[in-house]
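Trainee: based on what follows, work out the 3D shape:
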Amino acid sequence: MIQRLNVNTEVLSTYIRNSNTPIEYLRQKLPNIDKFLKGELEPTFNQISALSKLINVPTGLLLLKEPISPSSLNVDFRTFNSQLLSDLSSELKDTIIEMQEKQEFLKEIVENECPFVGIFTFDDDYSDVILKARELLGNEITRKRFDNYRKILGQLGVYIFLNGKYKDNTHRPLNLNEFRGFVLSDKKAPIIFINQLDSKTGQLFTLIHEFIHLLYGDSDLFDGEDTKKRSKTEAIINSITAEILVPKELISAMFDNQIDIRTSLDNFSRKFEVSKFVVLRRLYDLSMVSRKVFISLQKELEAEFKLIENIKKNSGGGNYQNNLRFRMDSNFFNHVNNAVQQNKITYTDAFGIVGVGYKGYKILSRGGW
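Mentor: Okay, here's the model as predicted:
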């Protein structure tokens, strides 16, 4: 049995009206459009996708509970320098909408809620947040921390996606200078998206940063938020993230001021699998290096980072199959594939929900995560 979607008829009417597409034309292409608009018949995902193309509106918008405009997208995201952006690229807007579409699908499928989402407010003591985060993530500092934390968060019910472009479109790369990641908070289907163009250490920091946002149930800082309040909030989140990744107790015990500071930065960076920027900032915040040393080394690291980025730009794209599996959340894909196997949705519907074609879907179907 094909699964039909419970869509908001007001959402459909609003976007059709705003598109200025003649209803007669839509009736020719979608004979049941009037029934959809009156709520007499629920459309399939494939039919919603067809409508989105006819009126030039992303499918995700048509699946939301109420009409929104791209300028009021309700998310929290990390820019390269944690700056609030007033104008978003179409790639970022469309990626946010894609994730919202995935979230709407999950909310119809997932039964259990994540009890940790939104359990804190910004009036709570930071130490309580840190304690809870460590309880959920584990206290042990292991190798391959990103992979381990991603696995743990997946088991907790968080869906984590990565990409360096919009869907599979190599002509629409994401801009790392614009954002490093964002989070869509929800009790049933919390989603974290990470810009894959970032460094491995940057991806780890973003993963934990957005997870901390989830503990606050926080994904509404993007639009309409006072800039000073947002900056303060981001400082709190960054501070907690840094403590999770580079615990004060450990770095204080390990730091030796007799060792060259650059060697220490390199050692700590490898030990904790974070960037040298994070280590340097941690040492400065803990008064282990002076402001003069901090500023001087920060300039050195910026020059080093630019050099590494230039090298990365000239490198190859890697193995497509492995990259696709890395980008996709395995639990999300399993939900979609199960819906196909149970005849709730068609393969065509599944391709649209996952955001891949036949080839990509077959690769994911083989597993290998």
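Trainee: residues of stretch 337-344 that come out buried?
Mentor: For stretch 337-344, the neighbour count (16 or more other C-beta atoms under 10 Å) marks 337, 339-340, 344 as buried. From N, CA and C alone the C-beta is placed, and that goes for glycine too.
Trainee: could you do stretch 270-282 as well?
Mentor: Per 16+ other C-beta under 10 Å, stretch 270-282 contains these buried residues: 272-282.
Trainee: now, the residues you listed that are in helices?
Mentor: Assigned to helices by DSSP state H, the following of the buried residues of stretch 270-282 qualify: 272, 276-282.
Trainee: export the buried residues of stretch 337-344 to JSON lines and tack on secondary structure and pLDDT?
Mentor: Converted to JSON lines, those look like this (DSSP: H, G, I helix; E, B strand; the rest coil; pLDDT from 0 to 100):
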{"residue": "N337", "secondary structure": "helix", "pLDDT": "96"}
{"residue": "A339", "secondary structure": "helix", "pLDDT": "91"}
{"residue": "V340", "secondary structure": "helix", "pLDDT": "92"}
{"residue": "K344", "secondary structure": "coil", "pLDDT": "84"}
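Trainee: give the contact list for I244.
Mentor: Contacts of I244 were listed using C-beta atoms under 8 Å, 6 or more residues apart in numbering, and they are 130, 133-134, 137, 208, 212.
Trainee: how about a cut-off of 10 Å?
Mentor: I244 makes contact with 129-130, 133-134, 137, 139, 149, 205, 208-209, 211-212, according to C-beta atoms under 10 Å, 6 or more residues apart in numbering.
Trainee: same thing with P43?
Mentor: Shown here is P43, whose contacts under the criterion C-beta under 10 Å, 6+ apart are 4-7, 12, 30, 32-33, 35-36, 49-51, 62.
Trainee: how about K200, nearest residue that isn't a chain neighbour?
Mentor: Once flanking residues are discounted, K200 sits nearest to F146: 6.6 Å by C-beta to C-beta, 6 or more residues apart in numbering.
Trainee: doesn't Q196 make contact with the one you found?
Mentor: No. Between F146 and Q196 there is no contact under C-beta atoms under 10 Å: 11.7 Å.
Trainee: what touches both of those two?
Mentor: Looking at what touches both F146 and Q196 (by C-beta under 10 Å, 6+ apart), the common residues are 162, 203.
Trainee: first-to-last residue distance for stretch 53-66?
Mentor: Using C-alpha to C-alpha, to the nearest Å, the gap from the first to the last residue of stretch 53-66 comes to 19 Å.
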